[in-house]
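[1] Have a look; sequence and predicted model below, questions after that.
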Amino acid sequence: MTDVHLWLRHEVRGTERRTPIVPRDARRLVESGAVLTVEESPQRIFPVAEYEAAGCRVAPAGSWVSAPRDAVVVGLKELPDEPAGLTHRHVFFGHAYKRQPGAADLLRRFAAGGGRLYDLEYLVDDTGRRLTAFGFWAGYLGAALTVLRHRGRLAAPLTPTTRDELDQALRPAAGDAEFTALVTGALGRSGRGARTAFTVAGVEPTAWDLAETGNLDRRALLGHDVMVNAVLATSPVPPFLRERDLDDPARRLRTLCDVTCDVGSPLNVLPVYDRTTDWDEPARRLREDPPLDLIAIDNLPSLLPEESSTDFSAALLPLLLEFGVGGPWGRCLDRFHQACRELGVEPREA
Ligand SMILES: NC(=O)c1ccc[n+]([C@@H]2O[C@H](COP(=O)([O-])OP(=O)(O)OC[C@H]3O[C@@H](n4cnc5c(N)ncnc54)[C@H](O)[C@@H]3O)[C@@H](O)[C@H]2O)c1
């Protein structure tokens, strides 16, 4: 096992209630020899007392900046803007390897401090498959919100909830009209989540993955009442929908949910809208007559913080137990160095 010092940080984004390590897995880490320091965090879905009871040390929010140099700082989303130089090894979603806004600044901060980024998005097995992801619950929520909207029961603004509460709202009520649903990317994590939620709602969706979209039947697509797109596109393909398809008089489609949210990207399979929707306004009308509503929320799993944290943590735990030992962590570090080279940033010796 490991003698690593892990430091679970508070998330700076106020709406982020998820955590990459839940108390049950914190206990496993401590029992196997790791030191785990957990920062206090008012919005984290699990109270810090549960971590303390699991044998973790407790530290104030944001105190990772003065953590021992060898501590590995673990989080999910963005770091605060300070300090300018990052000296630690950090595990989180950096969103910094595809030239996103702020990408170069983040990598320069690592270069300035001699720290390293182990980006959770690039923690992959030897076939390149991601080992930790929130996809299932993203798809689940995407389909759940679609069903609620279609049945006229989607209340805004959205707030974080639990699966029990959500499922209660999802189950069909007397008088609910039947409808047909399509899931694209149906065999992936999000696709499975979407299919599961539709089943809870009493709908058996049509499931399309690569085999069914190679020779795309747009007429069949438009013949469904609702659609949830959950593909992970890695190379450009013809769009599933174009502007003119929305005006096709044969369109039955009334509610479209894009879990993928590749808006603006050359890989976008749904180039029929130009901005995502959000918790305040989850659905936007794209066409009036007949109506077509769009749901395209890019932080869906945050709406089920406990379930999504628990699944994510379960996938991360075995990797943390082997932190730094070759394999996935090695590939992750290689990817960091590659990103630095691509941006002309030279990381200092660790
Ligand atoms: N909106 C959110 O909050 C949120 C959260 C997590 C993930 N996502 C996004 O959801 C998408 C899916 O993630 P995932 O974890 O389920 O990925 P995944 O790799 O598990 O599954 C993707 C699926 O898409 C299929 N696919 C790829 N190209 C296709 C095509 N042209 N036609 C049909 N199927 C195709 C693949 O075969 C695979 O089954 C990603 O783009 C991810 O970034 C969004």
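    Received, thanks.

[2] Do you have the strands of the protein handy? List them.
    Taking DSSP state E, the strands of the chain run over residues 5-8, 35-39, 57-59, 72-74, 89-92, 116-119, 181-184, 206-208, 226-229, 255-258, 283-287, 292-295.

[3] would you list the ones you listed in a markdown table and tack on distance to residue 146?
    From N, CA and C alone the C-beta is placed, and that goes for glycine too. Below are the strands of the chain laid out as a markdown table (distance: least, Cβ to Cβ, whole Å):
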| stretch | distance to residue 146 |
| --- | --- |
| strand 5-8 | 34 |
| strand 35-39 | 36 |
| strand 57-59 | 41 |
| strand 72-74 | 33 |
| strand 89-92 | 30 |
| strand 116-119 | 30 |
| strand 181-184 | 8 |
| strand 206-208 | 14 |
| strand 226-229 | 5 |
| strand 255-258 | 4 |
| strand 283-287 | 9 |
| strand 292-295 | 6 |
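
[4] As PDB, could you dump the C-alpha coordinates of stretch 69-84?
    Taking Å, rounded to 0.1, in the frame of the first residue of the first chain, the C-alpha atoms of stretch 69-84 are listed here in PDB:
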ATOM      1  CA  ARG A  69       5.400  20.000  -0.300                       C
ATOM      2  CA  ASP A  70       5.000  16.200  -0.700                       C
ATOM      3  CA  ALA A  71       1.200  16.300  -0.200                       C
ATOM      4  CA  VAL A  72      -0.900  15.400  -3.200                       C
ATOM      5  CA  VAL A  73      -3.800  17.900  -3.400                       C
ATOM      6  CA  VAL A  74      -7.000  16.300  -4.600                       C
ATOM      7  CA  GLY A  75     -10.000  18.300  -5.900                       C
ATOM      8  CA  LEU A  76     -12.500  18.300  -8.800                       C
ATOM      9  CA  LYS A  77     -12.700  21.700 -10.400                       C
ATOM     10  CA  GLU A  78     -10.700  24.900 -10.800                       C
ATOM     11  CA  LEU A  79      -8.100  26.200  -8.300                       C
ATOM     12  CA  PRO A  80      -8.400  29.800  -6.900                       C
ATOM     13  CA  ASP A  81      -6.300  32.400  -8.800                       C
ATOM     14  CA  GLU A  82      -3.600  32.500  -6.200                       C
ATOM     15  CA  PRO A  83      -0.900  31.500  -5.600                       C
ATOM     16  CA  ALA A  84       0.800  32.400  -8.800                       C
END
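
[5] buried ones in that stretch?
    For stretch 69-84, burial by neighbour count (16 or more other Cβ atoms under 10 Å) applies to 71-76, 78-79.

[6] Relative to the ligand, which residue of the stretch 51-200 of the chain is the closest?
    Nearest residue of the stretch 51-200 of the chain to the ligand, counting by Cβ to the nearest ligand atom: residue 188, 1.8 Å away.

[7] thought that residue was touching residue 232?
    Yes: with contact defined as Cβ atoms under 8 Å, residue 188 and residue 232 form a contacting pair (6.0 Å).

[8] who has more neighbours, these two?
    Shown here are residue 188 and residue 232; by other Cβ atoms under 10 Å, residue 188 has more neighbours (21 against 16).

[9] For residue 349, give me the pLDDT.
    With respect to pLDDT, residue 349 has a value of 69.

[10] Could I get the phi/psi values of the residue of the stretch 51-200 of the chain closest to the ligand?
    Backbone geometry at residue 188, expressed as degrees, to the nearest 10, gives phi -80, psi -180.

[11] ok, it to residue 195 distance?
    10 Å (Cβ to Cβ, to the nearest Å).

[12] Give me the common contacts of these two.
    Jointly contacting residue 188 and residue 195 under the rule Cβ atoms under 8 Å, 6 or more residues apart in numbering are residue 139.

[13] Show me which residues of the stretch 101-250 of the chain sit near the ligand.
    133-135, 138, 184-185, 187-191, 208-210, 213, 230-233, 237 (Cβ under 6 Å from any ligand atom).

[14] And stretch 278-291, what's buried?
    279, 282-283, 287.
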